[in-house]
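**Q** for reference, the sequence and a predicted model appear below.
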Amino acid sequence: MKSRFLRIFTLTLSFFFLTGFVPFSIIGPSMTIITSGNLYKAGAQLIINQHIKKETGKDSLTFIKEEINKNLIKDQKKIQAASFNEELRHLVEKRISITRKKIEHQNLQKLLKKRIKVTRSILDLDKITQ
């Protein structure tokens, strides 16, 4: 009985490796059966893998890797946008403070000219020449 099982197993295994036909969707569940001995878990894994492949056209590992990469790219874009927004906010605040200083300086100059004019008119300095 063991020799017959061994012969069938050897022929099947040689068929897979010599013809290049190794269905990768079966390797995962078969490894699950070998390592854990849980047939239900292996069956569920096979069904899930086949469903994912039918829905997306990709195997489960490729599908998961692509989804993780999409999320990483989105996170990187958010970080770049946040840093861009921070730089833009800093630049705008800097320009606002510079503009405020210029306006305050202009207002101070106007006030100073007005006070000089009022003082000259009070003292009648416009009529006096040097």
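**A** Perfect, thanks for sending it.
**Q** center of the chain, which residue is that?
**A** residue 75 (1.9 Å; C-alpha atoms, centre = their mean).
**Q** what pLDDT does it get?
**A** Per-residue pLDDT puts residue 75 at 85.
**Q** element containing it?
**A** Residue 75 is part of helix 60-123, with elements assigned from DSSP states H and E.
**Q** elements contacting that helix?
**A** helix 39-56 (3 or more C-beta pairs under 8 Å, 6 or more residues apart in numbering; DSSP states H and E). The way it works is simple: take the backbone N, C-alpha and C, and place the C-beta from them, glycine included.
**Q** and the helix it packs on, what does it pack onto?
**A** Here helix 39-56 is seen to pack against helix 24-36, helix 60-123 when contacts are counted using 3+ C-beta pairs under 8 Å, 6+ apart.
**Q** which of those has the lowest average pLDDT?
**A** Among these, helix 24-36 carries the lowest mean pLDDT (a mean of 67).
**Q** relative to residue 86, how far out is residue 122?
**A** 54 Å (C-beta to C-beta, to the nearest Å).
**Q** please read the previous query as pertaining to residue 48.
**A** Residue 48 is 43 Å from residue 86, by C-beta to C-beta.
**Q** what separation do you get for residue 104 and residue 120?
**A** 25 Å.
**Q** equivalent analysis for residue 41, please.
**A** For residue 41 relative to residue 120 (C-beta to C-beta), the value is 99 Å.
**Q** same question, residue 112
**A** Where residue 120 is concerned, residue 112 sits at a distance of 13 Å (C-beta to C-beta).
**Q** these two: who's more crowded?
**A** It is residue 120, of residue 112 and residue 120, that has more neighbours when counted by other C-beta atoms under 10 Å, with 13 against 10.
**Q** doesn't residue 52 make contact with residue 59?
**A** Yes - using C-beta atoms under 8 Å, residue 59 is in contact with residue 52, at 7.2 Å.
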